[in-house]
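Student: can you look at this prediction? I've put the sequence above it.
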Amino acid sequence: MDYLAAFSETVESVFGDIAETRMDGVPILNSALGVAMRGMRRFDAYHAGVLVTPWFMNLMLFPMEKPATPMRVGYKRNVALPSGMYEAVWSHEDALGGYWSISLFSPMFEFDAMEIAVDTADASMELLFSPPGEDDTPDFSEAMVQPGAGRDVEQRLAQAEEEAEAAKEAAAPGEEADKKPAQLDRRALFGIGRKQDEGEAV
């Protein structure tokens with residue numbers, strides 16, 4: 001087993017323990033879900049992947065080296081990914097050390113099954129680490145850079161929700177449309193976790 005696979009298992013184990021201890025009985029838990037670390041890869045000075053838990057889905061960025069200056073838990077800064085700039089929060093677990101997290105989904109009640117949550121995590125990794133495509137320019141790229149003014153982002157979120165609802169209604173009798181969230185669409189995903197104002201980038 002290579003290092004990234006072993007580290008993914010460590011992250012899963014740590015958050016699995018958290019789910020069974022600190023989070024046990026907390027109302028925001030989706031009992032249909034477990035813990036999975038998806039798509040772990042090296043990105044700049046970090047090991048990055050999407051973590052699925054019963055209470056959140058976050059992009060996690062674990063520094064390969066311990067920061068020279070200790071940081072306060074809850075400190076926020078902007079992280080530059082290939083898809084754009086996102087707000088990240090500094091957290092810490094004794095078994096993992098410090099890490100940055102970017103919220104994608106929380107709480108997790110819109111996911112019916114772990115399989116759907118994992119598929120969403122995999123799609124999120126692909127979108128987050130891919131530059132905007134031709135279909136996203138120029139208006140959408142401008143909305144990504146200035147999400148505070150982001151009328152275009154809101155329009156696309158609304159459109160994605162309408163399309164998801166239409167897909168449900170079009171499902172054959174006795175069949176349920178896949179409950180993959182509308183945010184799987186690139187335009188909708190980029191409305192989540194986006195930085196709201198300028199600041200220092202990681």
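Tutor: Received, thanks.

Student: now stretch 41-59: buried residues?
Tutor: 43, 46-59 (16 or more other Cβ atoms under 10 Å). For the C-beta atoms, the positions are set from N, CA and C on the backbone; glycine is no exception.

Student: how about stretch 16-30?
Tutor: Those buried within stretch 16-30 under the rule 16+ other Cβ under 10 Å are 18-19, 29-30.

Student: go through those and name the one nearest residue 90.
Tutor: Using Cβ to Cβ, residue 18 is the member of the buried residues of stretch 16-30 that lies nearest residue 90, at 17.3 Å.

Student: among the buried residues of stretch 41-59, which are in strands?
Tutor: Per DSSP state E, strands hold the following members of the buried residues of stretch 41-59: 43, 46-52, 57-59.

Student: let's have these in CSV, adding distance to residue 117 and pLDDT.
Tutor: Shown next, in CSV, are these (distance: Cβ to Cβ, whole Å; pLDDT from 0 to 100):
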residue, distance to residue 117, pLDDT
43, 22, 96
46, 23, 97
47, 21, 97
48, 18, 98
49, 14, 98
50, 10, 98
51, 11, 98
52, 5, 98
57, 7, 96
58, 12, 97
59, 14, 97
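
Student: which of those lies closest to residue 65?
Tutor: Using Cβ to Cβ, residue 46 comes nearest to residue 65 of these, at 9.8 Å.
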